[in-house]
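Engineer: Below is the sequence, then the predicted model.
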Amino acid sequence: MTIRRLFAASSLALVLSAGLAHAQTAPIPLGRIEAAVAAETPRVVAWRRDIHAHPELGFAETRTAALVAEHLRALGLEVRTGVGKTGVVGVLRGGRPGRTVALRTDMDALPVLEATGLPFASTATGTYMGAAVPVAHACGHDAHIAMLMGAAEVLAGMRADIAGTVVFIFQPAEEGAPPGEPKGGAALMIEDGALENPRPDAIFGLHVVPGRPGTVFYRPQGFMAASDRIDIVLHGRQTHGAWPWKGVDVIAVAAQIVQTINTLTARTIDPTTTPTVFTIATVDAGVRYNIIPDEAKLSGTLRTFDIAQRDDLVRRAGVAIDNVAETFGATAEFSVRQNAALVYNNEELSAWLAPVLTEAAGAGNVNAASPPTTVAEDFSYLSQVVPGVFYHLGGSKDGVDPTTSPPNHSPGFDVNESILPLGVKTHVLSALRFLERPAP
């Protein structure tokens, strides 16, 4: 466990065991919460469809941020904009003093051509890596934004009965730092004080993924993988495709490096104890079928759950790539940049949250011991600063096997709108029940 995690764990223990000097608050009845959520659901659906039709790439979420800020101001919240470039922070202060809890969502879309056939499907374009690209909410962030906007509305309507403060964090660039940017949205929002004044005692977040609609799943400790971007540049010597021996063939080197990385991961890491994925996803080389180029660029992703093991694998991969290049007479440049740390769910907070999520979703619909997943989330940086829990909502279409449901980041990905009220409810209940925890 890192020093940050130890500090976060000890901070949570102080908050939960010692409590704060405020009177115990009677829980707001579930029926009142559900009625407020039901009343807000048509607006949540409308927001989701509007945002879906107008997606924006990371750090370009200007329309989305303006929509969010306008809504939060209308609710009477303290609102800060431009936090981490295009992020928005809203602060709701309850009628009585108490703890502070944060709820976080992400706002950016992806350079994906949508193929859902929805009547409100995206036709938007944006600029990515200097080129015009289609843009779509192919990861569900449109639903995330709408659900947190709905939760803000519900909680604002109960402000007089809330003992404490709720911080709403609408984050840009969750999908990683865009080209040319050194950091993604969570890191920049932290630097801009999103977790200060007031500082939350805990933070919660959610993500829609393929799964039976109405289900919630997560796990304590390592839940979502740390994510690193891998870049490899190979330098050889250009030659005619008919005379490969007169040059240094970077195409052959690239092919060997892909196989070496696949073998290195599969044969030196035990996947049953620490899931590890090392994927080379792009190869860019050459301009003509009969010319062997002098340069090739490869990029990929590394997903890990153990810091020491990750560091060792990166070291060994660097050595292996250099050795392969040297064998062919080429040279290699190998670089690694972290996009997201390990999403580490605080153990005590995870155990406390399970009955709260069950209150929201119903018995039999919450799995608090879900397997780890190799997808990543930069919520990890926020939960390194304050104790947190990140959980998933199943969002597949009714009657569709989640294993065949279009995955996040695919052109056909869509969110079952029937789960939107559940997302609003889990946000509201996680905030209220945390603030209602009695001081001993």
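Structural biologist: Cool, got the structure.
Engineer: and Ile257, that's in a strand?
Structural biologist: No: in this structure, Ile257 is helix, not part of a strand, as judged by DSSP: H, G, I helix; E, B strand; the rest coil.
Engineer: residue nearest the centroid of this structure?
Structural biologist: Centrality entry for the chain: nearest residue to the mean C-alpha point is Glu377, 2.9 Å, by CA atoms, centre = their mean.
Engineer: That one: what's it in contact with?
Structural biologist: Glu174, Gly205, His207, Met224, Ala340, Val343, Phe390 (CB atoms under 8 Å, 6 or more residues apart in numbering). Where you see a C-beta, it was placed from the backbone N, CA and C, and this is true even at glycine.
Engineer: pLDDT-wise, which helix or strand of this structure ranks last?
Structural biologist: helix 3-13 (a mean of 47; mean pLDDT, DSSP states H and E).
Engineer: and the helix or strand just after that one, how far out from the chain's middle?
Structural biologist: Counting by DSSP states H and E, the next helix or strand C-terminal to helix 3-13 is helix 30-53. On the basis of CA atoms, centre = their mean, to the nearest Å, helix 30-53 sits 22 Å off its chain's mean C-alpha point.
Engineer: Please shift the residue numbers so they start at 53 in all later answers.
Structural biologist: Shifting the count to begin at 53 puts that one at helix 82-105.
Engineer: Remind me what the following helix or strand past helix 82-105 packs against, helices and strands.
Structural biologist: Downstream of helix 82-105, the first helix or strand assigned by DSSP H and E is helix 114-126. Other helices and strands packing on helix 114-126, by 3 or more CB pairs under 8 Å, 6 or more residues apart in numbering; DSSP states H and E, are helix 82-105, strand 130-135, strand 139-145, helix 193-208, strand 215-223.
Engineer: the helices in the stretch 153-302 of the chain, which residues?
Structural biologist: Applying DSSP state H, counting those that start in this stretch to the stretch 153-302 of the chain gives helices spanning 193-208, 237-243, 302-320.
Engineer: Please enumerate the helices of the stretch 303-452 of the chain.
Structural biologist: Using DSSP H, counting those that start in this stretch, helices in the stretch 303-452 of the chain cover 359-380, 399-413, 431-437.
Engineer: out of those, nearest to Gly139?
Structural biologist: Nearest of the helices of the stretch 303-452 of the chain to Gly139, taken as CB to CB: helix 431-437 at 11.6 Å.
Engineer: now that closest one: mean pLDDT?
Structural biologist: Average pLDDT, helix 431-437: 98.
Engineer: Touching it from outside, list them.
Structural biologist: 54, 56-57, 60, 154, 156, 221, 226, 238-239, 241-242, 247, 255, 257, 276, 278, 392-398, 440-442.
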